[in-house]
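K.L.:
Below is the sequence, then the predicted model.
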Number of protein chains: 2
Amino acid sequence: MEPTVGDKAGNIAKSLQYIAEAADNGADLVVLPELCNSGYVFESLEETRALAEPVPGGPTVDAWEKIAAERGLHIVAGIDEADGDTLYNSAVVIGPGGYLGTFRKVHLWNRENVFFTPGDLAFPVFDTPLGRIGALICYDGWFPESYRECALQQADIVCVPTNWVPINGQDPNREAMANILTMAAAHSNSVFVACADRVGTERGQPFIGQSLIVSYTGWPIGGPASADAEQILYADADLDDTARSRAWNAFNDNPLGDRRPGEYRSAG
Amino acid sequence: MEPTVGDKAGNIAKSLQYIAEAADNGADLVVLPELCNSGYVFESLEETRALAEPVPGGPTVDAWEKIAAERGLHIVAGIDEADGDTLYNSAVVIGPGGYLGTFRKVHLWNRENVFFTPGDLAFPVFDTPLGRIGALICYDGWFPESYRECALQQADIVCVPTNWVPINGQDPNREAMANILTMAAAHSNSVFVACADRVGTERGQPFIGQSLIVSYTGWPIGGPASADAEQILYADADLDDTARSRAWNAFNDNPLGDRRPGEYRSAG
């Protein structure tokens, strides 16, 4: 979707409209972009704060809890979070029974550092009837550690609310580097990944769209979505697929189970 | 190249021929495939042992040291190593002045576990006049930790002798997953990567070729090479490119410098 910076009521309303459409088409799990209730390119800390809310208990999570209950689905969505005076670029995880938890973006990008405090909750993974759901946000995906942390906690799917921006040196003849990173992470961690990117240009900053849903094999099962138009991307993801955690051969588990932390001596 | 299993003298001779051709064309650094002096699909531990040699001091490293000195170049190449009774799937790093060091494959694949002992040298990085050179082998590249370990030790280039085999579920309309993993690793670590794969089918096991040289930006600067024919792949890699270690913006270093180990709590 394309949020409008500052128009929180309008962004919430638009998110509900898309969630309802996805539910009509059978969605069990809906992922929305980073900061989809506030917009992204803030002009000041004051603007960021004015759009922020406590999580849970604010109007955005209230609205998402209500529709999740009504439609019996799960939501992972980016939100401008206020914890007292401290602001976080967060993703909220909500089920039909209500609020399940929050991920706070660990690796802040560029001027986000002016407005937000880096996440302090590591990479929580939430048990749901659908499976175990992890989350990370945008630049977190540039760190293989982010996906590993989710996978080492037996995440079945990692949901990625994101506001991908153009990358210096992107080869225009190849898929977006963001998509390549996503495919590599899904394959290396044997985990589904669902990325929801925003589109549009906000206060001069373009975003690249191209949302992607990737199987645990590393290959896309939905998308990439449009680079510039709002679009709901659907995929059938069998989170219970027993092949996902199957050993790759008689001698190997997979690149998750075969890790050798004793030989990773520089990463402390 | 396509080694012939068991024909060690022939494999060494072929490697010298290709190194000489690369030197004639200006190569400063030559990367050769995994186990390129022995072949890969061993029938027994005895066969693996009969083809192995001490490193340095055996005939393969002697020959590579000699040509490296004569032609003033560096070599990173896969070798069947015997350390007493213990066998390793190793990569040797050689400069014009001789042997520099060894990497022993940390993550063994499939029946390699029958013949070899897992590497115990972590991921050494070697200072050379060309830059800092790290190495990993084939399945090591499925573990983002392998590249991270090299990059955290300021590797400028990671050399990957490999014998990539076909992957279950490879999308035939997309580039090889091995190449996608390589591009993602180069980008996420801001490091050059040079992968040298073998070609051919050995005792029923096919290999996929498609060697690749990738810039620190994540985009290929050489290859992919042929999937089935021997080929020397060349690229100009400016290891001193100051843009490589430049901060990505006023607030961020890059996904190496911006790591937050305190939030990586599951990876011990």
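P.N.:
In hand now; what should we look at? Numbering: from 1, shown residues only, chains lettered A, B, ... in the order given.
K.L.:
Where do the helices of chain A begin and end?
P.N.:
A:8-24, A:45-51, A:59-71, A:112-115, A:144-152, A:177-189 (DSSP state H).
K.L.:
Remind me what the last one packs against, helices and strands.
P.N.:
Okay, so that is helix A:177-189. helix A:144-152, strand A:157-162, strand A:192-197, strand A:212-214, helix B:144-152, helix B:177-189 (3 or more CB pairs under 8 Å, 6 or more residues apart in numbering or on different chains; DSSP states H and E). From N, CA and C alone the C-beta is placed, and that goes for glycine too.
K.L.:
So for residue A:1, which of these sits nearest?
P.N.:
For the helices and strands packed on helix A:177-189, proximity to residue A:1 was assessed by CB to CB; strand A:192-197 is nearest, at 8.2 Å.
K.L.:
Skipping its backbone neighbours, what lies nearest the most centrally placed residue in chain A in space?
P.N.:
Residue closest to the average C-alpha location in chain A (CA atoms, centre = their mean): residue A:160, at 1.7 Å. Among residues not flanking residue A:160 along the chain, residue A:195 sits closest, at 4.1 Å (CB to CB, 6 or more residues apart in numbering or on different chains).
K.L.:
what do you get for residue A:118?
P.N.:
Residue A:118 sits nearest to residue A:108 (CB to CB, 6+ apart), 5.5 Å away.
K.L.:
Look up phi and psi at the one you found.
P.N.:
phi -80, psi 150 (degrees, to the nearest 10).
K.L.:
Mind putting the helices of chain A into CSV with mean pLDDT?
P.N.:
Below are the helices of chain A laid out as CSV (pLDDT from 0 to 100):
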stretch, mean pLDDT
helix A:8-24, 98
helix A:45-51, 98
helix A:59-71, 98
helix A:112-115, 98
helix A:144-152, 97
helix A:177-189, 97
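K.L.:
Just send these back as JSON lines, with distance to residue B:264 and mean neighbour count too.
P.N.:
Converted to JSON lines, these look like this (distance: least, CB to CB, whole Å; neighbours: other CB atoms under 10 Å in any protein chain shown):
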{"stretch": "helix A:8-24", "distance to residue B:264": "31", "mean neighbour count": "16"}
{"stretch": "helix A:45-51", "distance to residue B:264": "27", "mean neighbour count": "16"}
{"stretch": "helix A:59-71", "distance to residue B:264": "27", "mean neighbour count": "18"}
{"stretch": "helix A:112-115", "distance to residue B:264": "20", "mean neighbour count": "18"}
{"stretch": "helix A:144-152", "distance to residue B:264": "5", "mean neighbour count": "26"}
{"stretch": "helix A:177-189", "distance to residue B:264": "14", "mean neighbour count": "26"}
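K.L.:
wait, isn't the residue nearest to the centre of chain A in contact with residue A:139?
P.N.:
No. Residue A:160 lies out of contact with residue A:139 (CB atoms under 8 Å); the separation is 10.7 Å.
K.L.:
before we move on, back to that, isn't the residue nearest to residue A:118 up against residue A:116?
P.N.:
Yes. Counting by CB under 8 Å, residue A:116 is a contact partner of residue A:108 at 5.7 Å.
K.L.:
what is in contact with the two at once?
P.N.:
Taking CB atoms under 8 Å, 6 or more residues apart in numbering or on different chains as the contact rule, residue A:108 and residue A:116 both touch residue A:89.
K.L.:
What is the neighbour count of residue A:206?
P.N.:
Residues lying near residue A:206 (other CB atoms under 10 Å in any protein chain shown) number 13.
K.L.:
For it, give me its contacts.
P.N.:
Residue A:206 sits in contact with A:165, A:166, A:200, where contact means CB under 8 Å, 6+ apart.
K.L.:
same question, residue A:232
P.N.:
With CB under 8 Å, 6+ apart, residue A:232 has these contacts: A:18, A:21, A:22, A:25.
K.L.:
which ones are touching the residue nearest to the third one when sequence neighbours are not counted?
P.N.:
In space, residue A:22 comes closest to residue A:30 once its chain neighbours are excluded; the distance is 5.1 Å by CB to CB, 6+ apart. For residue A:30, the set of contacting residues under the criterion of CB under 8 Å, 6+ apart consists of A:18, A:19, A:22, A:23, A:73, A:74, A:75, A:76, A:77.
K.L.:
Tell me the bridge partners for residue A:30.
P.N.:
Listed beta-bridge partners, residue A:30: residue A:75 (assigned using DSSP bridges).
K.L.:
Which pLDDT does the model give the nearest residue to residue A:143 once chain neighbours are set aside?
P.N.:
Distances taken as CB to CB, 6+ apart place residue B:255 nearest to residue A:143, at 5.3 Å, with adjacent residues excluded. Reported pLDDT at residue B:255 in the predicted model: 92.
K.L.:
and what of the one 3 residues further on?
P.N.:
At residue B:258 the predicted local distance difference test score is 95.
K.L.:
Repeat that for residue A:266.
P.N.:
Taking residue A:266 on its own, its pLDDT is 88.
K.L.:
my read: it touches residue B:147, true?
P.N.:
No. Residue A:266 lies out of contact with residue B:147 (CB under 8 Å); the separation is 11.3 Å.
K.L.:
circling back: from residue B:252, how far off is the residue nearest to residue A:118?
P.N.:
According to CB to CB, to the nearest Å, residue A:108 and residue B:252 sit 8 Å apart.
K.L.:
how far away is residue A:216 from chain B?
P.N.:
Noted for residue A:216: a distance of 10 Å to chain B, by CB to the nearest CB, to the nearest Å.
K.L.:
got a list of what residue A:129 touches?
P.N.:
With CB under 8 Å, 6+ apart, residue A:129 has these contacts: residue A:95.
K.L.:
how about 10 Å then?
P.N.:
A:28, A:72, A:74, A:95, A:96, A:97 (CB atoms under 10 Å, 6 or more residues apart in numbering or on different chains).
K.L.:
Drop anything exposed from these.
P.N.:
A:28, A:74, A:95, A:96 (16 or more other CB atoms under 10 Å in any protein chain shown).
K.L.:
how close does the first one sit to chain B?
P.N.:
This points to residue A:28. 24 Å.
K.L.:
Quick check, that residue in contact with residue A:194.
P.N.:
No. Using CB atoms under 10 Å, residue A:28 is not in contact with residue A:194; the gap is 11.5 Å.
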